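J.: Pasting the sequence and the predicted model now:
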Protein chains: 2
Amino acid sequence: MQTGAKFVRHFEQELEQLKGKLLEMSALVEASVQRSVAAVTQKDRSAAEQVFRDEARINELEMEIDEFAITLLATQQVVAADLRLVVAALKINTDLERMGDLSVHIAQRAISLLSEPVIKPMVDVRHMSSLVESMVRKSLDAFVTNDAEMARSVLSSDNAVDSLRTASYHELVSFMEKDPHNIPQALDLIGITKSLERIADHSTNIAEDVLFLVKGIDVRHHAEARQ
Amino acid sequence: MQTGAKFVRHFEQELEQLKGKLLEMSALVEASVQRSVAAVTQKDRSAAEQVFRDEARINELEMEIDEFAITLLATQQVVAADLRLVVAALKINTDLERMGDLSVHIAQRAISLLSEPVIKPMVDVRHMSSLVESMVRKSLDAFVTNDAEMARSVLSSDNAVDSLRTASYHELVSFMEKDPHNIPQALDLIGITKSLERIADHSTNIAEDVLFLVKGIDVRHHAEARQ
């Protein structure tokens, strides 16, 4: 029994370590998303540069987490809720890394916007990005605290982000049509809102993984199960 | 021993079933990519409509494959190469589903282009899409045949796709600047080439998973290990 108890304790420690690495990754990615948005809305070049610097660590962590999860699966008979946690960790890890990449894209567009005249107050971007930042935060908090309600609240925000993106797209197209000098900036802003929309999609994926983790149900492609 | 041998045989059958489902999914996604490209380059509305119809089955298969893989992990002590296969299946599954989504985006843009005058011969799109289609095919063939060399050839095409995309982007921007009437079509074509680039990225992910599967090495974020 002594050995069995030790074994269980050791396994639980490893699961905690896996969660700890994912939290380090989440914190970095959340900060990168916020910094990339600040780079756009506050024309903050140093925030963009920090995003570029943090990308390497995010990439490293992605590989560490995958390796850790696969070693866990290989060395332990992981079942039920623990298995769901390890599989969710693998999936969330992929989403976080892509969110890191998208922050880099936004930061690159922010740098390009620095050299261009401001064509319109960036109210849309601010509104959309604060909604997306809140989705990112909530999806990660839901994972940390196993909170199904919070995960569902992320799913319900996704449509709002899509609508904001569509509205800003049409507005930016009309800016371009009005004056071709606006084209480069408008394209940068279209790229930024597209990246924000994709970050929201990845937050939605994470929230779906949390629901799978907490409830054991797969809500992807099932609108009715998301309520 | 009889029971042990039966157990191994049963497990191998399940692994084969998992691979079979992934192959069904691959075939559908590969066809959707090809049809979405045909919808653009040949202005083929019925090809676009087939892409929309097949999306539901792709989404269904994504969930079936995930569930199958997780059940395998839960009911068997999967180790070594078999474990790598199941983890690769989970990852490839996610990439395939996203490639299906991107085909839908391309097909939607193709429908929108149908009502617009042709602003330029779509040579770039044809060239880029034939390269991307070949990456998709090779990454899936590499998975089916465990072919590391073929997987590496996919990785080496990714830069070519990025260069084509960048060149076509600049050309399309200059078209917009020349005449604002070109803006809607040019934006559709920018969206299409962006989606093609992302399909190439997912093929690259699949090729990386094949290398992990065959060689047990992680080539992500390591340019030197890709040679």
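T.: Thanks, I have it.
J.: Up against chain B, what does chain A have?
T.: A:59-60, A:62-63, A:66-67, A:70, A:73-74, A:77-80, A:83-84, A:87, A:90-91, A:94, A:173, A:176-178, A:180, A:183-184, A:187, A:190, A:218, A:220-221 (C-beta under 8 Å from any C-beta of the partner chain). Backbone N, C-alpha and C define where each C-beta goes, glycine included.
J.: after the lowest-mean-pLDDT helix or strand in chain A, next one along is what?
T.: Lowest by mean pLDDT, DSSP states H and E among the helices and strands of chain A is helix A:2-41, with a mean of 87. The helix or strand immediately downstream of helix A:2-41 is helix A:45-75, counting by DSSP states H and E.
J.: Please state the offset of that next one from the chain centre?
T.: 13 Å (C-alpha atoms, centre = their mean, to the nearest Å).
J.: Next, the buried residues of it.
T.: Buried residues in helix A:45-75, counted by 16 or more other C-beta atoms under 10 Å in any protein chain shown: A:47-48, A:50-52, A:54-55, A:58-59, A:61-62, A:65-66, A:68-70, A:72-74.
J.: For A:Met128, see how far away A:His181 is.
T.: From A:His181 across to A:Met128, the span is 24 Å (C-beta to C-beta, to the nearest Å).
J.: Compare those two (neighbour count), which wins?
T.: Counted by other C-beta atoms under 10 Å in any protein chain shown, A:His181 and A:Met128 do not tie: A:Met128 has more neighbours, with 24 against 14.
J.: Is that one within a helix or a strand, and which one?
T.: Per DSSP H and E: helix A:123-145 holds A:Met128.
J.: now the angle from that helix to helix A:2-41?
T.: On the basis of axes from the mean of the first three to the mean of the last three C-alpha atoms, to 10 degrees, helix A:123-145 is oriented at 170 degrees to helix A:2-41.
J.: Can you point out the buried residues in the following helix or strand past helix A:123-145?
T.: Using DSSP H and E, the helix or strand that follows helix A:123-145 in sequence is helix A:148-178. Across helix A:148-178, burial judged by 16+ other C-beta under 10 Å covers A:148, A:150-155, A:157-158, A:161, A:164-165, A:168-169, A:172-173, A:175-177.
J.: and helix A:148-178, what other elements does it pack with?
T.: Packed against helix A:148-178, as judged by 3 or more C-beta pairs under 8 Å, 6 or more residues apart in numbering or on different chains; DSSP states H and E, are the following elements: helix A:123-145, helix A:183-215, helix B:183-215.
J.: Which among those is found nearest to B:Leu15?
T.: helix B:183-215 (12.3 Å; C-beta to C-beta).
J.: Nearest to A:Thr41 among the helices and strands packed on helix A:148-178 would be which one?
T.: Closest to A:Thr41 of the helices and strands packed on helix A:148-178 is helix A:123-145 (C-beta to C-beta; 5.4 Å).
J.: what about the closest one, distance to the chain center?
T.: Taking C-alpha atoms, centre = their mean, the mean C-alpha location of helix A:123-145 is offset from the chain mean by 9 Å.
J.: and what of stretch A:106-114?
T.: 19 Å.
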